[in-house]
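S.K.: requesting a structural model of the entry that follows:
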Amino acid sequence: MQKKYIVRLSKQERNTLREVVNKLDGEQEAKIIATRLGPPPKGYASWTLRLLARKVVELEIVDAISYETVRRTPKRTE
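M.R.: All right, here's what the predicted structure looks like:
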C-alpha cells in the first residue's frame, strides 16, 4: 500500500516551489539551445547533458539546473 501525505504550504512556499519547478523561462531556454548548438568545450567531441548543465550554470544562465531539465529543453537544430 502506498502512503499518501498531505503537505500544507503557505502562499510564499507555493510561489517558491513554482519557481523551482518551472525554473526555465523562454529566454533561458533560448540561451541553453544556443549554447547546445555552439561548439563543445575544448577536449570534448560533443555536448553531453551533464556538461551542458554545468556550462549553463557557469555562464550564469541559471543558478542551478539538472541534466534532466536540460534533456527536456526543446531541441532546435536550426
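S.K.: can you give me the helices for the protein?
M.R.: In the chain, the helices defined using DSSP state H lie at 11-21, 26-37, 49-58, 67-72.
S.K.: may I have the shortest one exported as CSV, CA atoms only?
M.R.: What it means is helix 67-72. Written as CSV, here are the backbone C-alpha positions of helix 67-72 (Å, rounded to 0.1, in the frame of the first residue of the first chain):
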residue,chain,number,x,y,z
TYR,A,67,20.8,17.4,-16.6
GLU,A,68,17.3,16.0,-16.8
THR,A,69,15.9,19.5,-17.1
VAL,A,70,18.4,20.2,-19.9
ARG,A,71,17.2,17.0,-21.6
ARG,A,72,13.6,18.3,-21.6
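S.K.: list the helices and strands it packs on?
M.R.: helix 49-58 (3 or more Cβ pairs under 8 Å, 6 or more residues apart in numbering; DSSP states H and E). Placement of C-beta: from N, CA and C, glycine included.
S.K.: show me what counts as buried in the helix it packs on.
M.R.: Buried residues in helix 49-58, counted by 16 or more other Cβ atoms under 10 Å: 52-53, 55-56.
S.K.: tell me what it is packed against?
M.R.: Looks like helix 49-58 contacts helix 26-37, helix 67-72 (3+ Cβ pairs under 8 Å, 6+ apart).
S.K.: looking at these, which is closest to residue 13?
M.R.: helix 67-72 (21.1 Å; Cβ to Cβ).
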